[in-house]
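# no sequence on this one, just coordinates:
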C-alpha cells in the first residue's frame with residue numbers, strides 16, 4: 001500500500017477545542033500543529049544526517065524518511081468516549097530537499 005502524506009495542521013475548530021476556554025468569533029490563537037510534531041535537530045544531528053546548515057533555507061520544505069519505535073500506548077475510556085494515544089521515538093531518519101528536487105524537475 002502506498003504511503004499517503006496527511007496534513008497534520010489543526011483546523012480553526014480544532015484550535016478552539018484545544019486552546020480556547022470558549023468559542024470566539026475571530027480566528028483562534030494557538031499553534032497551527034499539535035504539540036510534539038516539531039522535531040529539533042542540533043548541530044550534531046545535522047552532521048550525522050550529512051546536512052550542511054548553510055544549505056538550509058528558512059521556510060524551505062524537506063522530505064523526511066523516518067523509522068520510529070512505539071514507546072508508549074494508552075487508552076482512556078469514560079462513559080461517553082474513548083481516546084487512545086501512542087508515543088513514537090524517531091530512531092532513524094533521512095532528509096532530502098523537496099525545493100532542490102522541484103528545481104531539478106523545472107529544468
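Thanks, I have it. Predicted, not measured: the structure shown is a model, and the values here were computed from it.
# ok, the spatially most central residue of the chain - contacts?
By CA atoms, centre = their mean, the chain has its centre lying nearest to residue 37, at 3.7 Å. Going by CB atoms under 8 Å, 6 or more residues apart in numbering, residue 37 touches residue 8. Yep, even glycine has a C-beta here, placed from its N, CA and C like the rest.
# Can you classify it as helix, strand or coil?
For residue 37, the assignment made with DSSP: H, G, I helix; E, B strand; the rest coil gives coil.
# same deal with the one 10 residues further on?
Reduced to three states with three-state DSSP, the structure at residue 47 is helix.
# what's near enough to touch it?
For residue 47, no contacting residues are found, by CB under 8 Å, 6+ apart.
# check contacts around the residue lying farthest from the centre of the chain.
Computed with CA atoms, centre = their mean, the residue of the chain farthest from its C-alpha average is residue 79, at 31.3 Å. With CB under 8 Å, 6+ apart as the criterion, no residue contacts residue 79.
# Next: the one 10 residues further on.
Neighbour list for residue 89: 68, 69, 71 [criterion: CB under 8 Å, 6+ apart].
# Make TSV out of those residues and add pLDDT.
What follows is the contacts of residue 89, written out as TSV (pLDDT from 0 to 100):
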residue	pLDDT
68	89
69	89
71	92
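# Provide a list of residue ranges in the chain with pLDDT below threshold.
Scanning the chain for pLDDT under 70 picks out the ranges 1, 21-28, 101, 106-107.
# mind listing the strands for it?
Using DSSP state E, the strands of the chain run over 62-77, 82-97.
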